[in-house]
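> Predicted model, plus sequence, below.
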Amino acid sequence: MRILIVDDHPVVVTGCRALFASDPSVEILEAFDAKDGHRAYLKKHPDVTVVDVTLPDLTGFELSRRIRRDDPAAKIVMFSVSEDPAFVVRAVEMGIQGYVSKSDDPRLLAKAIRKVAAGERFVSPRLAEATTFVGAAIKASPLTQMNRRELEILRLLGRGDRISEVASELGISYKTVANTTSMLKSKLGAKNHSDLVRIAVEIDLYR
């Protein structure tokens, strides 16, 4: 089994290697940002890809979308420090097969990888239970009010990028980013640009 880990924390990759150290049939590949992760996927075609939600360049959601665009059968496990149930719901809606928190027992990650590799789905029991009982809160979360492009633009604005830099990063026009930023302010009740940055920080889009 070939596993690609896309995470910008070397300790996470080291931990994943340790989880499978006793199994010679497992090969661990690594990438430290979304763009390298996408290239590694296309080159190596791993059986399972483990993706951090918050990466230095793009969100794990956007990376997953790009991978699934090129390979609709891709098997992905989201591995995140965030335990916001809205993240779990978004991942499931995207068709991502697994979701594990970084605060879960590491053995759950290994279990998730093996189950997803076998064609099953897996959400850590603690997160699955939390998601079940916070329906109203999920509906109110900013995460569920944004489409993929809006989420990615908010992430980059929260990182401190200017509109021109966001446009360049996503390969879209300055006008598109400016218009989307205005819509985000209205949708999220933000009074100004600083409010948008604050919201990005509050929902763990910015690292």
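In hand now; what should we look at?
> Quick one: residues contacting the nearest residue to Gly158 once chain neighbours are set aside.
Take Gly158 and drop its neighbours on the chain: the residue closest to it by C-beta to C-beta, 6 or more residues apart in numbering is Ala200, 2.6 Å away. From N, CA and C alone the C-beta is placed, and that goes for glycine too. Neighbouring residues of Ala200 by C-beta atoms under 8 Å, 6 or more residues apart in numbering: 154-155, 157-159, 206.
> Go through the helix or strand in which Asp36 is found and flag the buried ones.
Assessed by DSSP states H and E, Asp36 sits inside helix 34-44. Residues of helix 34-44 classed as buried by neighbour count (16 or more other C-beta atoms under 10 Å): 34-38, 40-41.
> Check what contacts that helix and list those residues.
2, 4, 6, 29-31, 46, 49, 51, 55-60, 62-63, 66-67, 70-71, 74.
> next SSE after the host helix or strand of Lys175?
Per DSSP H and E: Lys175 is located in helix 174-188. Proceeding N to C from helix 174-188, the next assigned helix or strand is helix 193-202, under DSSP H and E.
> pLDDT averaged over that following helix - what is it?
The pLDDT scores in helix 193-202 average 76.
> Centre of the chain to it, how far?
19 Å (C-alpha atoms, centre = their mean, to the nearest Å).
> Next: stretch 33-51.
For stretch 33-51, the distance to the chain centre is 13 Å (C-alpha atoms, centre = their mean).
> do the same with stretch 174-186
In terms of C-alpha atoms, centre = their mean, the centre of stretch 174-186 is found 22 Å from the chain centre.
> ok, how many other residues are close to the closest residue to Gly160 other than its chain neighbours?
Distances taken as C-beta to C-beta, 6+ apart place Val197 nearest to Gly160, at 7.7 Å, with adjacent residues excluded. Counted with other C-beta atoms under 10 Å, residues neighbouring Val197 total 18.
> Next secondary structure element downstream of the least confident helix or strand in the chain by mean pLDDT?
The weakest-scoring helix or strand in the chain, judged by mean pLDDT, DSSP states H and E, is helix 135-140 (a mean of 50). Downstream of helix 135-140, the next assigned helix or strand under DSSP H and E is helix 148-158.
> Return the list of helices and strands in contact with that next one.
Packing partners of helix 148-158 (3 or more C-beta pairs under 8 Å, 6 or more residues apart in numbering; DSSP states H and E): helix 60-70, helix 163-170, helix 174-188, helix 193-202.
> Do me a favour and average the pLDDT over whichever helix or strand Val13 is part of.
In the assignment (DSSP H and E), Val13 maps to helix 10-19. The average pLDDT within helix 10-19 is 89.
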